[in-house]
Structure formats: C-alpha cells, structure tokens
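**Student:** Generate coordinates for the sequence data below:
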Amino acid sequence: MSCHYYVLTRFNIRLWTKDKKGKPTQTEEWLKKRFELFEQYCLPSVANQSVKNFKWIVLFDSETPEVYKKKIDEYARRCEQFTPHYVAPAEGRYFVRIFQKIILEDIILGDVVITTYLDNDDALRYDYVEEVQRLAAQVRNRTFISFKYGIQYFTELNIATRVVYRNNHFLSFIEKYEENVRLRTVMGYGSHIYVGRYKGTEALFVETPENEKWIELVHVDNDVRMTFDTHLITDLKKLKNDFGIHLELAKNSTFIFYTIFLKRTIKEIFRHIRLKIMGRKWD
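**Tutor:** Residues are numbered from 1 along each chain as shown. Alright, predicted model coming up:
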C-alpha cells in the first residue's frame, strides 16, 4: 500500500463565460491577470512546501495562447511537482472526472489518496502539505481536513486580516482506493459549505490560531466570504516566512481597516444575504 498526495487546481478551463462579478472570462485582459496572480502568489507558495513528495495537477484550456503555454513550461521547470494538463474547451465542465482519471492512472487498489483543493490565485503555508500528511495517518477513511484559520489579503487595499472560517475551500480529502468504490477526490462531493454533512464521510476541523494555513486573495474579480470575526495582520516578515511570497502592507493599514475595510465588509455581507435569498444568475 502506498500513499499518494495531489494538489488539484483549475486554471482557465471553460466553465462559464463570466466571472463572479459578471465580467467576461477568457479575454486577454482576464488571462493576463490570472497568470500574474498565479505567478505572484500561488506558484511560489506551492514551490515553497517543506515536503516535496506530492504532485500538483493543474488543468489548462487546450486553446491557451502559445505565449502563456511557454510560461506554463517555465512553471514546470521552477516547481517539479507542477504537472499541467490541457483540456479541450468542451470538456472543461467535466473537470472532476478529468482529475479522477489522471489520478487513477497513477495508483493501484489499496493505495491511500490525499487530494487538496487550491484555487489558482490563493496560497498555502509552507507546512500545509506536511501537516495534512501527518493528520492523514490519524484519521479514518473518507475524511475531510479543514484548517479553520487563514488569511484574507486584499490586493487593492494592501491589508491582510486573519479569519476563522470552518467550511473554507482550502480542503483536503483522505480516501483509500478500494475495489467497487469510486475514487471521489476532494472535488467529487460538491460545495465546501456542506463538508461534515456528506454521507459516508467524516470531517476534521483543525485549530491553528497562531499558524494560519492559507491565504485567500481578495481582488477586484473574485467573490469572497467576509466576516466581522477578523483582525488585522501587520507582521510582514511572518507572512514572507510562512508563505514564501511577497505581500505589500499599507503603512496606514490600521486606518484602512477601521474605515474602508469595515465599510466593504458590511456591503459584502448584505450582498451575500441578498444572493442567498434571490439566487445567483450565471450565463
């Protein structure tokens, strides 16, 4: 029996024509921004992991312009765990099956499979993979692992805040590949909101208040959960050491936090309440 670890990331596969803010996707402007965020935050945090015995499967659209494919080749040289896979535009919606197929080609019956979900504009603490591997040896089959404490970094405000979010999307899933049992992966159950309630699974919610395990990038194009249960982070050195990335923090971050940030938080909370009542309309 072997244990295999995979970090799973979707990049620019064709899932919808507009992002969560209603702006068109797959444009040159959109693609350029995604690659910039990936290079600045996501890629270095994964390359900086304290252990290297894992694979990072990243799905790209097969029609990605050649100039970006050259960048992707460079990523593979910079991070040996990085394994790009190109997906035809019409197949993008089947990303769960694609991840499963790639992994199934790499394992045999009886193997333990660990999968971690990572957005292409987010970051993991340097010991994230190592800590999941340690916990995986202690939990039962088909268990989700969620680190409750993380960081939200607001790219336009240049402030970072610590948040506590039990059902965040920085999830890992532990499962044994067994005969007549479908391999699910962390992607195979649906929304992270319902982790802890999926039939036949368990969930471990880990408390690490002094060691936030993830950073969620909050920028103009994404949609996030905001809460008043947060506080300002001002230790730039700690962020650099923990995540291996460079973040800029505003000199007047305290003023921004108590004015612009709190105003934005109130606005986002009410917007999410409205969406919960009215629903979201996708193209």
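
**Student:** May I have stretch 172-192 as PDB, with CA atoms only?
**Tutor:** The C-alpha coordinates for stretch 172-192 follow below in PDB (Å, rounded to 0.1, in the frame of the first residue of the first chain):
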ATOM      1  CA  SER A 172      -8.100  18.100   1.800                       C
ATOM      2  CA  PHE A 173      -9.700  14.700   1.500                       C
ATOM      3  CA  ILE A 174      -8.300  11.300   2.500                       C
ATOM      4  CA  GLU A 175      -9.600   8.100   0.900                       C
ATOM      5  CA  LYS A 176      -8.500   4.600   0.200                       C
ATOM      6  CA  TYR A 177      -8.800   3.300  -3.400                       C
ATOM      7  CA  GLU A 178     -10.900   0.200  -3.000                       C
ATOM      8  CA  GLU A 179     -12.500  -2.300  -5.300                       C
ATOM      9  CA  ASN A 180     -16.000  -1.400  -6.400                       C
ATOM     10  CA  VAL A 181     -15.700   2.000  -4.700                       C
ATOM     11  CA  ARG A 182     -15.400   5.100  -6.900                       C
ATOM     12  CA  LEU A 183     -12.500   7.400  -6.300                       C
ATOM     13  CA  ARG A 184     -14.000  10.700  -5.400                       C
ATOM     14  CA  THR A 185     -11.200  13.200  -4.700                       C
ATOM     15  CA  VAL A 186     -11.700  16.500  -2.800                       C
ATOM     16  CA  MET A 187     -13.500  17.800  -5.900                       C
ATOM     17  CA  GLY A 188     -16.000  14.900  -6.100                       C
ATOM     18  CA  TYR A 189     -18.600  15.900  -3.400                       C
ATOM     19  CA  GLY A 190     -19.700  19.400  -4.300                       C
ATOM     20  CA  SER A 191     -19.600  22.600  -2.300                       C
ATOM     21  CA  HIS A 192     -17.200  23.000   0.700                       C
END
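
**Student:** Check the offset of that stretch from the chain's centre.
**Tutor:** Computed by CA atoms, centre = their mean, to the nearest Å, the chain-centroid distance of stretch 172-192 equals 17 Å.

**Student:** any idea which helix or strand comes after the helix or strand in which residue 32 is found?
**Tutor:** Assessed by DSSP states H and E, residue 32 sits inside helix 28-37. Remark: after helix 28-37, the chain's next helix or strand is helix 43-47, criterion DSSP H and E.

**Student:** quick one: buried residues of the next helix or strand along the chain from that next one?
**Tutor:** Toward the C-terminal end, the helix or strand that comes next after helix 43-47 (DSSP H and E) is strand 55-61. Of all the residues in strand 55-61, those buried under the rule 16 or more other CB atoms under 10 Å are 55, 56, 57, 58, 59, 60, 61. Every C-beta, even on glycine, is put in place using the N, C-alpha and C of the backbone.
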